[in-house]
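K.L.:
prediction below, plus the sequence it came from.
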Amino acid sequence: MLAEQQQQLIALLQSAVHALVPDASPTITLERPKVAAHGDVASNIAMQLARPAKRNPRELAQEIVAHVATNPDAQQLIAAAEVAGPGFINFRLTTAAHQAVLQTIAKQGTQYGFQPARTDKVLVEFVSANPTGPLHVGHARQAALGDAVCRLFATQGFDVTREFYYNDAGNQIENLAISVQARTRGIDPESEEFPKDGYRGSYIQDIAEDFCAGKSVGAADVETVVASGDVNNLDDIRRFAVAYLRREQDLDLQAFGLKFDNYYLESSLYTSGRVEKTVDALVKAGHTYEEEGALWLRTTELGTGDDKDRVMRKREGGYTYFVPDVAYHVAKWERGFHHAINIQGTDHHGTIARVRAGLQGLDIGIPKDYPAYILHSMVKVMRNGAEVKISKRAGSYVTMRELIEWVGQDAVRFFLAQRRADSEFVFDIDLALSRSEENPVYYIQYAHARIHSMVNQSGETLEHIQQADTSLLVAPTELTMLQRLAEYPAMLQLAANDLAPHQITFWLRDCAADFHAWYNAERVNVDDLPLKRARLALAIACAQVIANGLSVLGVSAPEKM
């Protein structure tokens, strides 16, 4: 049901409660019955009040139903109400109440499901790959989840910022540089002389050749780097290799249709002194100690659930992985992002408690659950019934760009967002390419295209359809569709609250199924002109909401297929 209808029903129940149990002021919630045949919406208010009111819950429920029935404001909204089980109240809405959603969708169009703008800012950090190679399918899953979360929060009125955190410091960058240097000197990746922890993909040879040729490269937010060609200058090689791979990752993201608002460099946390400042603050606050030459953080005492204290500065020098992360999240907070969401692989699970502990130790007002995390499992790619493990470019993994080249951006985005982030996912290339109802992308997009084809073939003008008498929509499949469309705004709110964009994919699949069932059950181009126009109005509303939902996932809604 629509939000305004929910508020109207809540007001009716509040009026009944006030009359029957004057001293009570409960929070009234509504939910969809688990069994559709039981009604459209249910409330357990009688069961909430039974104990404090010292009343039998079923008897109290009956009285509430009777009181609501006498309220004149209920006539247009409630068709029937009955008590079930120990005291649940199940309501059935009037047909007119179901039909009201069409007017709302027609009025709001692409904004249907959106909430009013708010002042809250939210920063979503995702992908955040080391610039040591092309983006792989795991990064693609982050891109699909992250962009969907950003679009989802935008529908809820948030001011959303997308941020890519470049891990451009540490051992991985050193390994990249010496790998490229080895290739410039003609050392084969399979040779014993090649660095043990070096990168062996063919892209390393490409970087080496361009470096020796004195070529230039530039990425999204950095100055162009010109290769010196000096194979003995490891610093030059490092700068060129990082810039080269940042450009490659930019091209991967462009193929995905994704643009970030900010790029934040890990190296800047050191050059700006943020890391040292963060460590000094934790030392001064008394949350650290030295043992065996290392500096430790008392994470077990900072209330974030860590099971042991953590090393901050190693005995041989240098900081452990989570220390710059703490400094980075202080920077997020100081930039005014008091809502922050990190999307990372499940291998980052161990850092959550220690990063949050570091933030608590600074005592600057950051809540214990900051930032929020979405941790995703890796992706297995299947083709022709066999797992695809080897990439032509990367050598040991399938790249994001390869996946997009195989099945297209729409399929990549939808498939990688359609499961809970923490569930393992098998990306079936053959399924993604199939034109059947088993392929959810095709199934949903086909429903949208079918509606546009239907309207085009109807011979009716949009003006006449908009003026249709929608009270004629009373068939069971039509009422099912109307109820589904009315659920859309609440579904978006729930998906945002749960950080669960996969709920949108489920809803879209169900909506498309409702449409196909209706299309097969009811003729649209009938001789009865008012009924024909009413059904076309329903179809157009369905197409609009499908397009809205696909847009939240970053997936297109074609009018022809």
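P.N.:
Now that the structure is in, tell me what you want to look at.
K.L.:
and the spatially closest residue to E487 that is not a sequence neighbour, what helix or strand is that in?
P.N.:
Spatial nearest neighbour of E487, excluding adjacent residues (CB to CB, 6 or more residues apart in numbering): W507 at 7.4 Å. C-betas here are computed from N, CA, C, even on glycine. In this structure, W507 sits in helix 502-521 according to DSSP states H and E.
K.L.:
buried stuff in that helix?
P.N.:
Within helix 502-521, the residues that count as buried by 16 or more other CB atoms under 10 Å are 502-505, 507-509, 511-516, 518-519.
K.L.:
helix or strand right after it?
P.N.:
Beyond helix 502-521 on the C-terminal side, the first helix or strand identified by DSSP H and E is helix 529-552.
K.L.:
other SSEs contacting that following helix?
P.N.:
Using 3 or more CB pairs under 8 Å, 6 or more residues apart in numbering; DSSP states H and E as the contact definition, the elements that helix 529-552 packs against are helix 95-108, helix 137-155, helix 440-458, helix 462-466, helix 476-497, helix 502-521.
K.L.:
how about the ones you listed, which one is nearest F337?
P.N.:
Taking CB to CB as the criterion, helix 137-155 is the member of the helices and strands packed on helix 529-552 that comes nearest to F337, at 12.2 Å.
K.L.:
okay, that closest one in CSV with CA atoms only?
P.N.:
These are the backbone C-alpha positions of helix 137-155, laid out as CSV (Å, rounded to 0.1, in the frame of the first residue of the first chain):
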residue,chain,number,x,y,z
VAL,A,137,35.4,-9.9,-11.3
GLY,A,138,35.6,-9.3,-7.5
HIS,A,139,36.0,-5.6,-8.2
ALA,A,140,33.2,-5.9,-10.7
ARG,A,141,31.0,-7.2,-7.9
GLN,A,142,32.0,-4.3,-5.7
ALA,A,143,31.2,-1.9,-8.6
ALA,A,144,27.8,-3.4,-9.1
LEU,A,145,27.0,-3.3,-5.3
GLY,A,146,28.5,0.0,-4.7
ASP,A,147,26.9,1.9,-7.5
ALA,A,148,23.5,0.3,-6.7
VAL,A,149,23.9,1.3,-3.0
CYS,A,150,24.7,4.9,-4.1
ARG,A,151,21.7,5.1,-6.4
LEU,A,152,19.5,3.5,-3.7
PHE,A,153,20.5,6.1,-1.1
ALA,A,154,19.9,8.8,-3.6
THR,A,155,16.3,7.7,-3.9
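K.L.:
name the helices or strands packed onto the next helix or strand after that helix?
P.N.:
Along the chain past helix 137-155, the next helix or strand (assigned with DSSP H and E) turns out to be strand 159-166. Here strand 159-166 touches strand 121-125, helix 137-155, strand 262-265, helix 266-271, going by 3+ CB pairs under 8 Å, 6+ apart.
K.L.:
average pLDDT for the shortest one?
P.N.:
Averaged across strand 262-265, pLDDT comes to 93.
K.L.:
quickly list what Y373 is bridged to.
P.N.:
Under DSSP bridges, the beta-bridge partners of Y373 are N342.
K.L.:
verify the contact between it and T346 for me.
P.N.:
No. Taking contact to mean CB atoms under 8 Å, the distance of 10.1 Å between Y373 and T346 leaves them out of contact.
K.L.:
the more surrounded of these two?
P.N.:
Neighbours were tallied for Y373 and for T346 using other CB atoms under 10 Å; the higher tally belongs to Y373 (18 against 13).
K.L.:
which residues sit in contact with that one?
P.N.:
The contact partners of Y373, taken as CB atoms under 8 Å, 6 or more residues apart in numbering, are I341, N342, I343, Q344, H348, I352.
K.L.:
what is the nearest of the buried residues of helix 502-521 to G186?
P.N.:
Scanning the buried residues of helix 502-521 for proximity to G186, where the rule is CB to CB, the winner is H502, at 48.5 Å.
K.L.:
got a list of what H452 touches?
P.N.:
Contacts were defined as CB under 8 Å, 6+ apart; by that measure H452 touches A543, E559, K560.
K.L.:
low pLDDT regions in this structure?
P.N.:
Where the chain drops to pLDDT under 70, the residues are 219-222, 390-396.
K.L.:
give me the most central residue, it.
P.N.:
Among the residues of the chain, the one closest to the centroid is V149, at 2.9 Å (CA atoms, centre = their mean).
K.L.:
for it, give its distance to E125.
P.N.:
Using CB to CB, to the nearest Å, one gets 11 Å for the distance from V149 to E125.
K.L.:
next one: Y263
P.N.:
Look at Y263 and E125: by CB to CB, they are 11 Å apart.
K.L.:
among the two, which residue is more densely surrounded?
P.N.:
E125 (25 against 17).
K.L.:
of the contacts of Y373, which is the nearest to A140?
P.N.:
Top of the list for closeness to A140, among these and by CB to CB, is I343 at 12.1 Å.
K.L.:
in contact with the closest residue to the closest one other than its chain neighbours, which residues?
P.N.:
Take I343 and drop its neighbours on the chain: the residue closest to it by CB to CB, 6+ apart is F126, 3.9 Å away. When contacts are counted by CB under 8 Å, 6+ apart, F126 touches Q142, A143, L145, G146, D147, V149, R162, F164, N342, I343, Q344.
K.L.:
same thing but at 7 Å, please
P.N.:
Contacts for F126 were tallied using CB atoms under 7 Å, 6 or more residues apart in numbering; they are Q142, A143, L145, G146, I343.
K.L.:
for those, which one is nearest R484?
P.N.:
For those, the residue nearest R484 by CB to CB is L145; the value is 24.6 Å.
K.L.:
quick check: the closest one touching P501?
P.N.:
Yes. L145 is within contact range of P501, at 6.3 Å (criterion: CB atoms under 7 Å).
K.L.:
so what sits against both of the two?
P.N.:
When contacts are counted by CB under 7 Å, 6+ apart, L145 and P501 are jointly contacted by A417.
K.L.:
circling back: which of the helices and strands packed on helix 529-552 sits most buried?
P.N.:
Highest mean neighbour count among these (mean count of other CB atoms under 10 Å): helix 137-155, with a mean of 24.
K.L.:
who's in contact with that helix?
P.N.:
The set of residues that contact helix 137-155 without belonging to it, under CB under 7 Å, 6+ apart, is 113-115, 122, 124, 126-127, 129, 160, 162, 256, 258, 341, 343, 345, 374, 376, 378-379, 381, 398, 400, 403, 412-413, 416-417, 421, 427, 492, 495-496, 499, 501, 552-554.
K.L.:
quick check: the closest residue to E437 other than its chain neighbours vs R523, distance?
P.N.:
On the basis of CB to CB, 6+ apart, the spatially nearest residue to E437 that is not a chain neighbour turns out to be Y443, at 4.7 Å. When CB to CB is the yardstick, Y443 and R523 sit 22 Å from each other.
K.L.:
with K560 instead?
P.N.:
For K560, the distance to R523 under the criterion CB to CB works out to 23 Å.
K.L.:
more neighbours, these two?
P.N.:
The neighbour count for K560 versus R523, taken as other CB under 10 Å, is higher for R523 (12 against 7).
K.L.:
hang on, T477 packs against Y519?
P.N.:
No. Between T477 and Y519 no contact is recorded; they are 8.7 Å apart, counting by CB under 7 Å.
K.L.:
which non-adjacent residue is nearest S556?
P.N.:
Distances taken as CB to CB, 6+ apart place D410 nearest to S556, at 5.6 Å, with adjacent residues excluded.
K.L.:
pretty sure the one you found contacts P558?
P.N.:
No. The pair formed by D410 and P558 falls short of the contact definition of CB under 7 Å, at 8.9 Å.
K.L.:
more crowded one of the two?
P.N.:
Neighbours were tallied for D410 and for P558 using other CB under 10 Å; the higher tally belongs to D410 (22 against 14).
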